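Chemist: Predicted model follows, preceded by the sequence.
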Amino acid sequence: MKIGVIGAGRIGANASRLFARRGHEVVISNSRGPETLSSVVDEIGNNTRAATMEEAADFGDVVLEAIPFGRYEELPPGLLAGKIVIDASNYYPQRDGEIELDSLTSTEAVARHLPESRVVKAFNTMYYETLANSGRPGLPIEERLVLFVAGDDEDAKEIVSRLIEDIGFAPIDTGSLKDSYRQEPGSPIYNNPMTPERAREMLAES
């Protein structure tokens, strides 16, 4: 699969590495330009190249955005139209400033900015070192750690879930974009490694 990655920080770079390792074609970008990503691309190796944000958005059938939430309006709606966009960002007011969300979840705000994209919330709940080191493609799904997904497009969620399985984690659906508050910082499942059985128990309790 062709995957664009916007944001080459800890989540973006580690997700790119995992995708490339499984044979997906990855184009990674950041806000400072592709020339600043040579060491990241060299470290990841095959199947990865650096580009501008616009090029990464245009390249991917799936595009993972892992930029600070306060900059989500920099995402290009036209280039991302029709694409599956994985929202891996989190809203931290102390970093991003106070943002009026009009009672929306942060991912609903991203989806409002990208009205023609198929937005799925995923890859935002797991600590980057756990993401980098704990994928186990050889284990049964029930023995893996969970990456949560939320979205309004069932087909898009299924494609993202298959990517999650491919890199060695277990996808667990938390519901719609409105329900994605369950994945936000401060929730019981946020930054809390767990197996599917425990995840289902915690979601049932919340």
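Modeler: Yep, that arrived. Numbering: from 1, shown residues only.
Chemist: Wasn't L139 part of a helix?
Modeler: No. Per DSSP: H, G, I helix; E, B strand; the rest coil, L139 lies outside any helix segment and is coil.
Chemist: Going forward, count from 44.
Modeler: Renumbered: residue one is now 44, and that last one reads L182.
Chemist: neighbouring strands for the helix or strand containing I129, and are they parallel or not?
Modeler: Per DSSP states H and E: I129 is located in strand 127-130. Using DSSP bridges, the strands paired with strand 127-130 are strand 105-108 (parallel), strand 161-165 (parallel).
Chemist: Would you format those strands as JSON lines with mean pLDDT and distance to F191 included?
Modeler: Bear in mind the C-beta positions are built from the backbone N, C-alpha and C, glycine included. Listed next are the strands paired with strand 127-130 as JSON lines, based on pLDDT from 0 to 100; distance: least, CB to CB, whole Å:
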{"stretch": "strand 105-108", "mean pLDDT": "98", "distance to F191": "15"}
{"stretch": "strand 161-165", "mean pLDDT": "98", "distance to F191": "7"}
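Chemist: Adding mean neighbour count, write those strands out as CSV.
Modeler: Converted to CSV, these look like this (neighbours: other CB atoms under 10 Å):
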stretch, mean neighbour count
strand 105-108, 27
strand 161-165, 28
